[in-house]
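Q: this one's structure only:
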């Protein structure tokens, strides 16, 4: 049974930083494209960042480029999201995602979701 479990969310002031972690189990981690999406209240779930299945390429939404960094540890089956210079508009539930597609950038290509974790950025 595949499980993705996020941790590291919380409340932070604007300009601050948080690091999210996602531990994956029940899948061959290195065979999946891994990434993060987010969903703010009243909005659709949107792509944030991902690794390609090979792990050799990364992709970022324009809204987070230069502020967020994705990384992965294939030994620990963990993907991280370092979020710096946080803004109130980054407030959302953040979801870890895994895809058997080569690259992951849309909701439609996600095979597995984590339960999500709240990130709140106060102004």
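A: That came through, no problem. Being a predicted model, the structure only gives us computed values, none of them experimental.
Q: and residue 19, what element?
A: strand 18-25 (DSSP states H and E).
Q: who are the packing partners of the very next helix or strand once past that strand?
A: Next in sequence after strand 18-25, counting helices and strands by DSSP H and E, comes strand 33-39. Using 3 or more Cβ pairs under 8 Å, 6 or more residues apart in numbering; DSSP states H and E, the elements in contact with strand 33-39 are strand 18-25, strand 46-51, strand 68-73, strand 78-83, strand 92-99. Using the backbone N, CA and C atoms, a C-beta is placed for each residue, glycine as well.
Q: for the fourth one, which helices and strands make contact with it?
A: Right, the one you point to is strand 78-83. So strand 78-83, by 3+ Cβ pairs under 8 Å, 6+ apart, packs with strand 18-25, strand 33-39, strand 46-51, strand 68-73.
Q: buried sites along it?
A: 78-81, 83 (16 or more other Cβ atoms under 10 Å).
Q: just the helices and strands packed on strand 78-83: most buried one?
A: Burial of the helices and strands packed on strand 78-83 is given as mean neighbour count (mean count of other Cβ atoms under 10 Å); strand 33-39 ranks first at a mean of 24.
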